[in-house]
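**Student:** My questions are about this predicted structure, shown below with the sequence.
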Amino acid sequence: MAEHPPYPVGLRLTGRRVVVLGGGQVAQRRLPALIGAGADIHLVSPEATPSVEAMADAGEITWHRRPYAEGDLADAWYALIATSDPEANTAASAEAETHRVWCVRSDDADQATAWTPATGHSEGVTVAVLTTDARGRDPRHTAAVRDAVVEGLRDGTLVAPHHRTRTAGVALVGGGPGDPDLITVRGRRLLAEADVVIADRLGPRDLLAELPPHVEVIDAAKIPYGRYMAQEAINNALVEHARQGKSVVRLKGGDPYVFGRGMEELQALTEAGIPCTVVPGISSSVSVPGAAGIPVTHRGVAHEFTVVSGHVAPDDERSLVDWPSLAKLTGTLVVLMGVDKIGRIAETLMAHGKSPHTPVALVQEGTTAAQRRVDATLATVADTVVAQDVRPPAVIVIGDVVAVGPDGTAA
Ligand SMILES: C[S@@+](CC[C@H](N)C(=O)[O-])C[C@H]1O[C@@H](n2cnc3c(N)ncnc32)[C@H](O)[C@@H]1O
């Protein structure tokens with residue numbers, strides 16, 4: 001039977017009777033996909049693992065609590081034979097043959113009329129890998145091939161552009177804090193499929209070097225404004241490229257909606273009738289402190305964290321931040337874009353009751369090779385920034401979490 005390779009096919013099992021014999025580990029592993037396929041599943045087995053039992057309790061399968069009996073496969077479209085009794089398996093196999101029911105056998109692939117491929121999914125496709133011959137079966141190898149394909153599709157190292165569904169439009173992709181490994185799987189895939197990438201200075205710039213030569217990479221900071229504001233010029237560039245029928249990725253640092261002007265870009269695209277998808281990213285507000293060993297919350301130390309923009313000083317009329325109220329909070333303050341104004345920020349927090357001894361950490365270029373952490377207190381931070389030449393981009397963490405080290409003690 002194994003002289004020829006198997007013929008691959010996708011069974012459409014919705015509402016069709018599938019019989020599973022044996023409620024052990026094999027059934028436990030295979031049942032979720034059968035349930036996912038919408039099959040009418042009948043499990044015949046005196047016993048079942050707790051997970052399989054839970055599937056029966058949830059009404060996902062019908063469980064007949066008894067051993068296999070002749071006739072069980074009569075009306076089945078497909079069968080999985082996986083009891084611990086080799087004689088029952090052989091008898092069931094023979095019955096399957098008689099009734100022309102395709103059957104998988106867990107104990108003897110040679111006697112089976114169907115083999116289960118190693119499967120994985122990626123954005124609307126199922127990858128199924130089958131071995132070509134039962135004797136040379138190497139399940140670890142088929143699983144490894146499956147993993148390589150699925151992982152490659154997910155992280156963009158295998159590029160398989162969508163042709164039928166691929167539409168011109170823009171993806172606003174949160175690229176994470178800078179380390180190229182910290183972009184999402186979806187972001188990376190969209191980047192790999194892009195015709196045009198408009199990138200910020202912050203974010204995973206190393207990924208741009210990996211793009212194929214036909215991809216046009218535009219530095220958002222270098223788009224000429226003309227009579228527009230810089231952001232308007234970026235919005236216009238997104239619209240223009242998308243109108244030319246191109247797939248455009250707007251690669252942004254961190255998360256597009258955390259001080260990222262993502263919504264402004266989405267609004268401009270919506271107004272222009274351009275389809276747009278937004279892919280979240282790992283924000284520097286949480287990941288950069290973490291990369292420097294600082295948890296933004298810690299049991300018994302901080303029950304809240306507040307992320308604030310420090311791009312305008314507390315006494316600036318444009319500021320929307322209620323600094324006096326923030327001074328009264330006991331949790332962690334995370335300040336983005338605050339290096340230039342940290343002196344005024346620290347003064348305001350102290351003037352409204354925050355202790356001058358409150359620990360402060362500045363983490364510059366977090367998650368990149370140039371990452372550095374500088375520690376201070378509210379009283380000393382203004383001088384420290386100057387003395388240590390701390391420069392943007394940096395995340396400033398204010399609060400007792402700064403002193404929490406990995407061993408549970410002060411850092
Ligand atoms: C315009 S905001 C964008 C924030 C971004 N959308 C996010 O979610 O991380 C830029 C600020 O984010 C912070 N930042 C972003 N990436 C950083 C990094 N790798 N290291 C330190 N700070 C970073 C700095 O405070 C910087 O001034």
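**Tutor:** Great, that's in hand. Bear in mind that the values here come from a model prediction, so they are computed numbers and not experimental data.
**Student:** Report the beta-bridge partners for the residue of the chain found nearest the ligand.
**Tutor:** Relative to the ligand, the nearest point of the chain is Gly254 (1.9 Å; Cβ to the nearest ligand atom). All C-beta atoms are positioned from the backbone trio N, CA, C, and that covers glycine. Note on Gly254: beta-bridge partners Gly176, judged by DSSP bridges.
**Student:** what's it in contact with, if anything?
**Tutor:** 174-177, 202-203, 260, 281-285, 287 (Cβ atoms under 8 Å, 6 or more residues apart in numbering).
**Student:** The same query, at a cut-off of 7 Å, please.
**Tutor:** Residues near Gly254 by Cβ atoms under 7 Å, 6 or more residues apart in numbering: 174, 176-177, 260, 281-284.
**Student:** Val334 too?
**Tutor:** Counting by Cβ under 7 Å, 6+ apart, Val334 touches 285, 289, 296, 305-308, 395, 397.
**Student:** Tell me the one of the residues you listed nearest Glu47?
**Tutor:** Val296 (47.5 Å; Cβ to Cβ).
**Student:** What sits closest to that closest one if chain neighbours are left out?
**Tutor:** Counting by Cβ to Cβ, 6 or more residues apart in numbering, Val296 lies nearest to Phe305, which is 4.1 Å off, once chain neighbours are set aside.
**Student:** How confident was the prediction at the one you found?
**Tutor:** Note for Phe305: predicted pLDDT of 98.
**Student:** How is Arg373 assigned, secondary-structure-wise?
**Tutor:** Secondary structure state of Arg373, per DSSP: H, G, I helix; E, B strand; the rest coil, is strand.
**Student:** If you tally nearby residues, what's the number for Gln244?
**Tutor:** For Gln244, the count of nearby residues is 11 (other Cβ atoms under 10 Å).
**Student:** Quick check, pLDDT for the residue nearest to it when sequence neighbours are not counted.
**Tutor:** Nearest residue to Gln244, sequence neighbours excluded (Cβ to Cβ, 6+ apart): Ala168, at 7.7 Å. Note for Ala168: predicted pLDDT of 76.
**Student:** List the residues that contact Ala168.
**Tutor:** By Cβ under 7 Å, 6+ apart, Ala168 lies in contact with 242, 245-247.
**Student:** hang on, the earlier thing: the residue nearest to Val296 pairs with what?
**Tutor:** With DSSP bridges as the rule, Phe305 is bridged to Thr332.
**Student:** What distance do you get for it to Ser325?
**Tutor:** 15 Å (Cβ to Cβ, to the nearest Å).
**Student:** neighbour-wise, which of those two wins?
**Tutor:** Comparing Phe305 with Ser325 by other Cβ under 10 Å, the one with more neighbours is Phe305, at 19 against 10.
**Student:** Having no further points to raise, I will conclude here.
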